[in-house]
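Participant: Below is the sequence, then the predicted model.
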Amino acid sequence: MSFNNRVYEIVRHIPEGMVVSYGQVAYMTGSWRASRAVGYALHNSPRDRKLPCHRVVFKDGRLTTGFAFGGKDVQRQMLEAEGVVFTADGRVDMAKCCWNPQEPIS
């Protein structure tokens with residue numbers, strides 16, 4: 001499976017109301033230093049896959065300014081609608097909302 005397809009498979013499994021960081025996705029692909037490549041893969045993902053790309057954030061909970069669906073305000077609205085908790089400074093509360101799967105994703 002290609003790197004991009006592995007990224008898409010992982011992102012497809014992120015549960016509603018949870019987030020992961022680009023670095024976590026890279027780690028789950030087996031390429032722990034490829035967080036930028038994860039962002040590139042998501043930016044270029046086929047729209048017909050309907051991936052929950054909005055659930056991928058920076059490791060400190062910041063939202064990306066280049067979110068493909070309309071910027072970080074839209075990303076935040078989508079996450080809040082799913083119950084994701086934000087801190088007072090506008091970051092995702094990673095302690096409460098970070099997804100850490102216990103089983104490998106296949």
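Facilitator: Happy to help now that I have it.
Participant: beta partners of the spatially most central residue of the chain?
Facilitator: Geometric centre of the chain, nearest residue: residue 56, 1.4 Å, by C-alpha atoms, centre = their mean. In this entry, residue 56 is beta-bridged to residue 20, by DSSP bridges.
Participant: Tell me which residues are up against the helix-or-strand element of the chain with minimal mean pLDDT.
Facilitator: Averaged element by element with mean pLDDT, DSSP states H and E, the chain has its least confident helix or strand at helix 72-81 (a mean of 91). Helix 72-81 is contacted from outside by 19, 54-55, 63-65, 67, 69, 86, 90, 92, using C-beta atoms under 8 Å, 6 or more residues apart in numbering. Backbone N, C-alpha and C define where each C-beta goes, glycine included.
Participant: Least confident of those?
Facilitator: Among the contacts of helix 72-81, residue 67 carries the lowest pLDDT, at 59.
Participant: Tell me how far the residue lying farthest from the centre of the chain lies from residue 66.
Facilitator: Ranked by distance from the centre of the chain (C-alpha atoms, centre = their mean), the top residue is residue 88, with 20.7 Å. According to C-beta to C-beta, to the nearest Å, residue 88 and residue 66 sit 24 Å apart.
Participant: cool, residue 101 as well?
Facilitator: Counting by C-beta to C-beta, the gap from residue 101 to residue 66 is 26 Å.
Participant: So for these two, which residue has more residues nearby?
Facilitator: residue 101 (14 against 9; other C-beta atoms under 10 Å).
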